[in-house]
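>>> Structure here, sequence nowhere to be found:
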């Protein structure tokens, strides 16, 4: 992703949630009523309690539902790898990045039975 395409935060930022510059691998899936429309890999740029900004291989359409599987940097009990699974709608996108507003999220133990399909 080229630096000139990444949205920047201005001093006038009015988001209700603080964003944290967490850079982790992310697998994204665009969901439709009849299953997965498309999927790809990227990297998170920043995360808040209400949204995620991440890189994509191409522009994602606004208002589509996306599920993200993010490798989480912290471990449970300092030994079990976690992933954050977040679902939400695309609220902003560019040629190589998208932002979603999180509607639902949960942490899962990476490698568990529920994790194998993602």
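Cool, got the structure. Keep in mind it's a predicted model, so treat the numbers as computed, not measured. Numbers count the residues shown, from 1 in each chain.
>>> Quick check: residue 98 touching residue 56?
Yes. Counting by C-beta atoms under 8 Å, residue 98 touches residue 56, with 5.2 Å between them. The way it works is simple: take the backbone N, C-alpha and C, and place the C-beta from them, glycine included.
>>> who has more neighbours, these two?
Neighbour comparison, residue 98 and residue 56: the larger count goes to residue 98, with 25 against 22 (by other C-beta atoms under 10 Å).
>>> quick one: what helix or strand has that one in it?
strand 97-109 (DSSP states H and E).
>>> Tell me where this protein has strands.
Secondary structure of the chain (DSSP state E): strands located at 25-32, 35-47, 51-55, 65-76, 80-94, 97-109.
>>> If I look at the closest residue in space to residue 80 that isn't next to it in sequence, what pLDDT would I see?
Nearest non-adjacent residue to residue 80, counting by C-beta to C-beta, 6 or more residues apart in numbering: residue 109, 5.3 Å away. We have a pLDDT of 93 for residue 109.
>>> so how many other residues sit close to residue 109?
Counted with other C-beta under 10 Å, residues neighbouring residue 109 total 14.
>>> just to revisit the earlier point, who touches both of residue 98 and residue 56?
residue 28 (C-beta atoms under 8 Å, 6 or more residues apart in numbering).
>>> Stretch 72-86: which residues count as buried?
72, 82-86 (16 or more other C-beta atoms under 10 Å).
>>> Sweet, I'm off.
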